[in-house]
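Participant: just coords:
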């Protein structure tokens, strides 16, 4: 599946302590029912899975560089390991 990719304002990522790839993935899966801020604050298990899939997709398509050790920070509580 190809997720919609768009660069997210670096200030959005920095203020939430998320890797830019996580920010892009959160925005890619957000919709009218779940805004990016709501996903960031309290992701469901399904949303976490989709964020991981979106990051993998972005790396596969060369839209982002892989993070060191394939670890992507999402605040202080969540680290996504591909």
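Facilitator: Sure, I can see it. Computed from a predicted model, the values in this text were never measured in an experiment.
Participant: Now the longest helix belonging to the chain: buried residues?
Facilitator: Counting residues, the longest helix in the chain under DSSP state H turns out to be helix 45-60. Going by neighbour count (16 or more other Cβ atoms under 10 Å), the buried part of helix 45-60 is 47, 50, 51, 52, 53, 54, 55, 56, 57, 58, 59. The way it works is simple: take the backbone N, C-alpha and C, and place the C-beta from them, glycine included.
Participant: ok, for the first one, nearest residue in space, not its chain neighbours?
Facilitator: Spatial nearest neighbour of residue 47, excluding adjacent residues (Cβ to Cβ, 6 or more residues apart in numbering): residue 39 at 5.3 Å.
Participant: any idea which helix or strand comes after the longest helix of the chain?
Facilitator: strand 71-74 (DSSP states H and E).
Participant: Which residues does that following strand contact?
Facilitator: 17, 18, 19, 21, 22, 40, 51, 55, 79, 80, 81, 82 (Cβ atoms under 8 Å, 6 or more residues apart in numbering).
Participant: Distance across stretch 63-77, terminal residue to terminal residue?
Facilitator: End-to-end distance for stretch 63-77: 26 Å, by Cα to Cα, to the nearest Å.
Participant: what about it, distance to the chain center?
Facilitator: Centre-to-centre, stretch 63-77 and its host chain are 9 Å apart (Cα atoms, centre = their mean, to the nearest Å).
Participant: ok, now how distant is residue 34 from residue 61?
Facilitator: Computed as Cβ to Cβ, to the nearest Å, the residue 34 to residue 61 distance reads 24 Å.
Participant: Those two: which has the busier surroundings?
Facilitator: Neighbour count, other Cβ atoms under 10 Å: between residue 34 and residue 61, residue 34 has more, with 15 against 11.
Participant: Let me see the contact set for the nearest residue to that one once chain neighbours are set aside.
Facilitator: Among residues not flanking residue 34 along the chain, residue 47 sits closest, at 7.2 Å (Cβ to Cβ, 6+ apart). With contact taken as Cβ under 8 Å, 6+ apart, residue 47 is in contact with 29, 34, 39.
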